[in-house]
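1. model this:
(chains A and B)
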2 protein chains.
Amino acid sequence: MNVLEERILKDGIVKEGNVLKVDSFLNHQMDIHLFGEMGKEFKSRFADKPINKILTIEASGIGIACIVAQQFDVPVVFAKKSQSINLEGEMYVAEVESFTHKCKNNVIVAQKFLSPEDHVLIIDDFLANGCALQGLIRIVQAAGATVEGIGIAIEKGFQSGGRIIRNLGFQLESLAVIEKMNAQTGEIVFREQ
Amino acid sequence: MNVLEERILKDGIVKEGNVLKVDSFLNHQMDIHLFGEMGKEFKSRFADKPINKILTIEASGIGIACIVAQQFDVPVVFAKKSQSINLEGEMYVAEVESFTHKCKNNVIVAQKFLSPEDHVLIIDDFLANGCALQGLIRIVQAAGATVEGIGIAIEKGFQSGGRIIRNLGFQLESLAVIEKMNAQTGEIVFREQ
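-> As a prediction, this is how the structure comes out:
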């Protein structure tokens, strides 16, 4: 069991509707030490990849991505989410549907920050249905850049996002994959890695 | 001239309407090395303060806050912005008006992440009129916590936010204070520190 899984068992709270609250250490209050450990683990899992940029999406991916970026010694680009497009200049835009918020959003990255020379590690906090992630992949591909890998903190293994992304041939590494969880008992079962 | 001021002169772009674009290193693409240097500078300016938590606001404050937090060895809490309030649990909420986006937003922090024991350093990327910052200060005070200081990357010194916050007695440290800038010539003049 890795340090993130241990922390989820200690401080994660299972809510009705397949919701896992990790806001005390991951996505509202952020434990920077934990992020550092996660960064080392991602570095080891993607050690052989020529990563020169990390891409994430606002808001809760940004903190993890910045600390992970220290391990790879590369800059971070964060995609913006917007219901309307009013950013200036040339943009890559992918429309994605949010599972959590039941609405469509545009995922947006300025074209000048992704190019065919870029070898990108995508980082995000959660993967469930993978809609936002698919938008990020589309944007990297639209730029002619290479997705070298995808690093996720927590994957909901009982939803389809992870399987789809792996079936498409991407190296997707989730530090904690939840097989099942139970809001009545609070039980959380991780996939063996 | 510090490392952030040098970088602004090198890569910042002055646009009409008192807009300074720093998206290549600060708030879309993020230079993590630069953030590390900024963190050291904030640590030296707030060295005597008993800071045990950093508070910032989504989205572009988060990356800076996380790297700065390493210098202070404390967790980060990021406030959420929302036009509606549908977050679960007990929340501190401050309504603020955005200068950039010409709309009102709620700044929201879960009550469990701020308490009277907290000594807070507020970190953000920009200070202009200071509306978001005033919301963050109100939230810290509503929690009975102490604002030990405010660290800003770039302050627009020709707008009123910084003066108001300093007049209220807060230790506000901006790494780069822009006295004036000119979209025609691209000239940027910093306040002497």
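2. for the residue nearest to the spatial centre of chain A, what are its contacts?
-> What sits nearest the mean C-alpha location of chain A, by Cα atoms, centre = their mean, is A:Asp124, with 1.6 Å. Applying Cβ atoms under 8 Å, 6 or more residues apart in numbering or on different chains to A:Asp124 gives the contacts A:56-57, A:61, A:64, A:132-133, A:136, A:150-153. C-beta: built from backbone N, CA, C; applies to glycine.
3. Give me the nearest residue to it, chain neighbours excluded.
-> A:Gly61 (4.4 Å; Cβ to Cβ, 6 or more residues apart in numbering or on different chains).
4. That neighbour and B:Met30, how far apart?
-> According to Cβ to Cβ, to the nearest Å, A:Gly61 stands 12 Å off from B:Met30.
5. same check, this time on A:Met38
-> From A:Met38 to B:Met30 the distance is 18 Å (Cβ to Cβ).
6. Name the residues of chain A found near chain B, please.
-> A:23-25, A:28-32, A:35-36, A:58-59, A:62-63, A:65-67, A:69-70, A:74-78, A:80, A:109-110, A:112-113 (Cβ under 8 Å from any Cβ of the partner chain).
7. how far is stretch A:31-47 from where the chain is centred?
-> Centroid separation between stretch A:31-47 and its chain, computed with Cα atoms, centre = their mean, to the nearest Å, is 13 Å.
8. who touches it?
-> A:2-4, A:7, A:25-26, A:63-64, A:67-72, A:121, A:123, A:148-149, A:151, A:153, A:171, A:173, A:175, B:66, B:69-70, B:74-76.
9. export the top helix by length along chain A as PDB, just CAs?
-> Longest helix in chain A, counting residues (DSSP state H): helix A:32-45. Extracted in PDB, the C-alpha atoms of helix A:32-45 (Å, rounded to 0.1, in the frame of the first residue of the first chain):
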ATOM      1  CA  ILE A  32       2.500  19.400   0.100                       C
ATOM      2  CA  HIS A  33       4.500  16.700   1.700                       C
ATOM      3  CA  LEU A  34       2.100  14.100   0.300                       C
ATOM      4  CA  PHE A  35       2.300  15.700  -3.100                       C
ATOM      5  CA  GLY A  36       6.100  15.400  -2.900                       C
ATOM      6  CA  GLU A  37       5.800  11.700  -2.300                       C
ATOM      7  CA  MET A  38       3.400  11.400  -5.100                       C
ATOM      8  CA  GLY A  39       5.800  13.200  -7.400                       C
ATOM      9  CA  LYS A  40       8.600  10.700  -6.600                       C
ATOM     10  CA  GLU A  41       6.300   7.800  -7.400                       C
ATOM     11  CA  PHE A  42       5.300   9.400 -10.700                       C
ATOM     12  CA  LYS A  43       8.900  10.000 -11.500                       C
ATOM     13  CA  SER A  44       9.700   6.400 -10.900                       C
ATOM     14  CA  ARG A  45       6.800   5.200 -13.000                       C
END
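10. so how far is the following helix or strand past it off the chain centroid?
-> Note on helix A:32-45: by DSSP states H and E, the next helix or strand toward the C-terminus is strand A:53-57. From the chain centre to the centre of strand A:53-57 is a distance of 9 Å (Cα atoms, centre = their mean).
11. Give me the sheet partners of strand A:53-57 and which way each runs.
-> strand A:76-82 (parallel), strand A:119-127 (parallel) (DSSP bridges).
12. thinking again about what came up before, which one of the contacts of A:Asp124 is nearest to A:Glu187?
-> Of all the contacts of A:Asp124, A:Ala153 has the smallest distance to A:Glu187: 20.0 Å, by Cβ to Cβ.
13. In space, what's closest to the closest one - neighbours in sequence excluded?
-> A:Asp125 (4.8 Å).
14. Would you agree that neighbour is in contact with A:His28?
-> No. Counting by Cβ atoms under 8 Å, A:Asp125 does not reach A:His28; the two are 10.8 Å apart.
15. re earlier: let me see the contact set for the residue nearest to A:Asp124.
-> Contacts of A:Gly61 (Cβ under 8 Å, 6+ apart): A:78, A:123-125.
16. and it, backbone torsions?
-> phi -80, psi -20 (degrees, to the nearest 10).
17. Model confidence score at it, please.
-> Predicted confidence (pLDDT) for A:Gly61: 97.
18. so how far is chain B from the residue lying closest to A:Ala145 once chain neighbours are set aside?
-> Ranked by Cβ to Cβ, 6+ apart and with sequence neighbours excluded, the top spatial neighbour of A:Ala145 is A:Asp118, at 3.8 Å. For A:Asp118, the distance to chain B (Cβ to the nearest Cβ, to the nearest Å) stands at 11 Å.
19. go on, A:Gly135?
-> A:Gly135 is 16 Å from chain B, by Cβ to the nearest Cβ.
20. And A:Phe42, by the same measure?
-> 14 Å.
21. Could you tell me how many residues sit around that residue?
-> Neighbours of A:Phe42 under the rule other Cβ atoms under 10 Å in any protein chain shown: 26.
22. A:Ile57 now?
-> 28.
23. Which residues does it form beta bridges with?
-> If you apply DSSP bridges, the partners that A:Ile57 bridges to are A:Ala79.
24. Would you agree it is in contact with A:Lys81?
-> Yes. Between A:Ile57 and A:Lys81 a contact is recorded at 6.6 Å, counting by Cβ under 8 Å.
25. which residues are common contacts for those two?
-> Joint contacts of A:Ile57 and A:Lys81 (Cβ under 8 Å, 6+ apart) are A:Val107.
26. Would you mind listing where chain A has pLDDT under the threshold?
-> A:83-88, A:99-102 (pLDDT under 70).
27. So what does A:Gly17 look like in phi/psi?
-> phi 80, psi 30.
28. what's near enough to touch it?
-> A:Ala183.
29. Thank you kindly, that will do.
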